[in-house]
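Novice: Build me a structure from this.
(chains A and B)
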Amino acid sequence: AQSVAQPEDQVNVAEGNPLTVKCTYSVSGNPYLFWYVQYPNRGLQFLLKYITGDNLVKGSYGFEAEFNKSQTSFHLKKPSALVSDSALYFCAVRDDDYKLSFGAGTTVTVRA
Amino acid sequence: DAGVTQSPTHLIKTRGQQVTLRCSPKSGHDTVSWYQQALGQGPQFIFQYYEEEERQRGNFPDRFSGHQFPNYSSELNVNALWLGDSALYLCASSLVGETEAFFGQGTRLTVV
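Specialist: Predicted structure coming up:
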């Protein structure tokens, strides 16, 4: 069975500082990995994905993620965080039938 | 181009009642998946519809049922509501052969 884990419930950073949200995965085959963001009382917004190719994936709103096969990790990063990045972030893995399995989520708070 | 739309946005039901939630997929998408997101948790996969058939099902009881119409829109039905069914219900649409799923804003169901 496929799964992801987000080891941090919360991440707090100052505006302008780098932001990292951690995710590790477990799959039996090739990983299809995603990051989504959720603002209060809203659905999920797609940020980026890793299917194959370069280990550094660039996505929306200045976010990027680094795929590391040996460490089975897919950490989300942003070089300079904004207050507006404060939200709930979910890592997810997809199976061949397009079912997504999500982590528990990480709440990011960026202080001004 | 409209994205994924869900209705209603909020709903309050009494224990034992039945509820129907609706989803219109993103234009051109043929696959609809439903997820339940309880407070403070990541979304959990309920089931997926493709070509008007249930293709995959998560670990949810038979009280949860669904339907997909020829225009690819979908309904989620929950019978005999429990207090524990209170959650945000998310619909996601995708296209077979493409990678990411797009989510609606969700329906907030409160069972009292």
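Novice: If I look at residue 2, what pLDDT would I see?
Specialist: No chain specified, so I'll use chain A. Per-residue pLDDT puts residue A:2 at 88.
Novice: Not quite, go with chain B.
Specialist: 70.
Novice: Any idea how many residues pack against the nearest residue to it once chain neighbours are set aside?
Specialist: Distances taken as CB to CB, 6 or more residues apart in numbering or on different chains put residue B:27 closest to residue B:2, at 6.5 Å, once the chain neighbours are dropped. Every residue, glycine included, has its C-beta placed from N, CA and C. Number of residues near residue B:27 (other CB atoms under 10 Å in any protein chain shown) recorded here: 11.
Novice: what do you get for residue B:16?
Specialist: 10.
Novice: what do you get for the one 10 residues further on?
Specialist: Other residues within reach of residue B:26, judged by other CB under 10 Å, total 20.
Novice: just residue A:104 next, same as before
Specialist: Neighbour count of residue A:104, defined by other CB under 10 Å: 15.
Novice: and what of residue A:10?
Specialist: Residue A:10 has 9 neighbours, counted by other CB under 10 Å.
Novice: Now do the strands in the chain.
Specialist: This is for chain A. Using DSSP state E, the strands of chain A run over A:3-5, A:10-14, A:19-21, A:24-26, A:33-38, A:44-50, A:56-58, A:64-68, A:73-78, A:87-94, A:100-102, A:106-111.
Novice: try again with chain B
Specialist: B:5-7, B:10-13, B:19-24, B:31-37, B:44-50, B:53-57, B:64-68, B:74-78, B:87-94, B:102-103, B:107-111.
Novice: which residue packs closest to the residue of chain A found nearest chain B, ignoring adjacent ones?
Specialist: Scanning chain A for the residue nearest chain B gives residue A:102, at 3.6 Å (criterion: CB to the nearest CB). Distances taken as CB to CB, 6+ apart place residue B:42 nearest to residue A:102, at 3.6 Å, with adjacent residues excluded.
Novice: Count residues in the vicinity of residue A:83, would you?
Specialist: Around residue A:83 there are 12 residues (other CB under 10 Å).
Novice: Is it in contact with residue A:15, as I believe?
Specialist: Yes - the criterion here is CB atoms under 8 Å, and residue A:83 meets it with residue A:15 at 5.5 Å.
Novice: Now for the two: what residues contact both?
Specialist: Common contacts of residue A:83 and residue A:15 (CB atoms under 8 Å, 6 or more residues apart in numbering or on different chains): A:110, A:111, A:112.
Novice: mind listing what the residue nearest the centre of chain B touches?
Specialist: Taking CA atoms, centre = their mean as the criterion, residue B:34 is the residue nearest the geometric centre of chain B, at 3.3 Å. By CB under 8 Å, 6+ apart, the residues touching residue B:34 are B:23, B:45, B:46, B:47, B:48, B:66, B:74, B:76, B:89, B:90, B:91, B:92.
Novice: Not counting its neighbours along the chain, what's nearest it?
Specialist: Among residues not flanking residue B:34 along the chain, residue B:46 sits closest, at 4.3 Å (CB to CB, 6+ apart).
Novice: OK, contacts around the closest residue to residue B:90 other than its chain neighbours?
Specialist: Once flanking residues are discounted, residue B:90 sits nearest to residue B:35: 4.4 Å by CB to CB, 6+ apart. Contacts of residue B:35 were listed using CB under 8 Å, 6+ apart, and they are A:100, B:43, B:44, B:45, B:46, B:89, B:90, B:91, B:92.
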